[in-house]
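Asker: Output the structure for:
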Amino acid sequence: MIKRNSERKIDTAENMFGGSGKVSFKRIIETPEELYGKGRVFSVVTLEPGSELGWHVHKGDGEFYHIISGEGEYSDNGSIVTMLAGDTAFCPDGEGHSIANRGTEPLVFVALIVYK
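Answerer: Here you go, the predicted model:
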């Protein structure tokens, strides 16, 4: 199966998890069944400058962020870390995280949520 980039659905959300600004999600998968029931999100996420995904806690799953481009201010269970292209963060079940774009360029990363 091949999925063309030009055919992928893009969703947008404002103030996600109480964060500021707009977030766009280009779905790599459309349904959790494409992950054989092992997860529910696999998307390329773009945060414009000044935008953020607010703090949220994972319950029954964990989430990876893999930075493709830009610079992000990542809260790893309350500890703030700068993330750059090539960096990967994981938020396990029961812990929380957020990410903000404090830079001048879009922050682009892959988000993958897997079930515990």
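Asker: all strands for this protein, in order.
Answerer: With strands called from DSSP state E, the chain shows them at 10-14, 22-27, 39-47, 52-57, 61-69, 71-76, 79-84, 88-91, 96-100, 107-115.
Asker: Which neighbours in the sheet does the last one have, and how are they oriented?
Answerer: In other words, strand 107-115. When pairs are called by DSSP bridges, strand 107-115 turns out to pair with strand 39-47 (antiparallel), strand 61-69 (antiparallel).
Asker: can you put the ones you listed in TSV and add mean pLDDT and mean neighbour count?
Answerer: For every residue, glycine as well, the C-beta is placed using N, CA and C. Formatted as TSV, the strands paired with strand 107-115 follow (pLDDT from 0 to 100; neighbours: other C-beta atoms under 10 Å):
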stretch	mean pLDDT	mean neighbour count
strand 39-47	96	19
strand 61-69	98	17
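Asker: For residue 12, which of the ones you listed is the nearest?
Answerer: Judged by C-beta to C-beta, the one of the strands paired with strand 107-115 that comes nearest to residue 12 is strand 39-47, at 9.3 Å.
Asker: about what we covered before: any chance of the strands paired with strand 107-115 in a markdown table, plus distance to residue 95?
Answerer: Shown next, in a markdown table, are those (distance: least, C-beta to C-beta, whole Å):
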| stretch | distance to residue 95 |
| --- | --- |
| strand 39-47 | 17 |
| strand 61-69 | 8 |
